[in-house]
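Q: coordinates only, sequence not included:
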């Protein structure tokens, strides 16, 4: 992560407000191919974190998890240097 997410405050059906964070970033698949990704998170993600993002063509980003740089596919990691 290079920057913080954009806070978006919404109201739940019970009237309680909550804040999600919107992200728009360039990701890389295991072959180093780029993909523009948009997703929301329930918290502001850590600057400097590496993410493994799960993506489906019909749904977009479905989930993510923080990983170490060593866990990244080599071709994807080389795009980040």
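A: Thanks, I have it. All figures in this text were calculated on a predicted structure; none of them were measured in a lab.
Q: Helix or strand: which one has the nearest residue to residue 73 once chain neighbours are set aside?
A: Leaving out its chain neighbours, the residue that sits closest to residue 73 by Cβ to Cβ, 6 or more residues apart in numbering is residue 30, at 4.0 Å. Any C-beta I mention is one placed from the backbone N, CA and C, and that applies to glycine too. Under the criterion DSSP states H and E, no helix or strand holds residue 30.
Q: Surely residue 30 is in contact with residue 76?
A: Yes: in this structure residue 30 lies within contact range of residue 76 using Cβ atoms under 8 Å: 6.2 Å.
Q: neighbour-wise, which of these two wins?
A: Remark: of residue 30 and residue 76, residue 76 carries more neighbours, 18 against 10, as counted by other Cβ atoms under 10 Å.
Q: So which other helices or strands are in contact with the helix or strand containing the more buried one?
A: Per DSSP H and E, residue 76 falls inside helix 74-79. Applying 3 or more Cβ pairs under 8 Å, 6 or more residues apart in numbering; DSSP states H and E, we find helix 74-79 packed against strand 17-28.
Q: quick revisit: name the residues of the helix holding residue 76 that come out as buried.
A: The neighbour-count criterion (16 or more other Cβ atoms under 10 Å) identifies residue 76 as the buried residues of helix 74-79.
Q: Give me the mean pLDDT for it.
A: For helix 74-79, mean pLDDT rounds to 92.
Q: quick revisit: dump the residue contacts of the residue nearest to residue 73.
A: 73, 75, 76 (Cβ atoms under 8 Å, 6 or more residues apart in numbering).
Q: Can you lay out those residues as JSON lines showing distance to residue 13?
A: What follows is those, written out as JSON lines (distance: Cβ to Cβ, whole Å):
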{"residue": "73", "distance to residue 13": "40"}
{"residue": "75", "distance to residue 13": "44"}
{"residue": "76", "distance to residue 13": "39"}
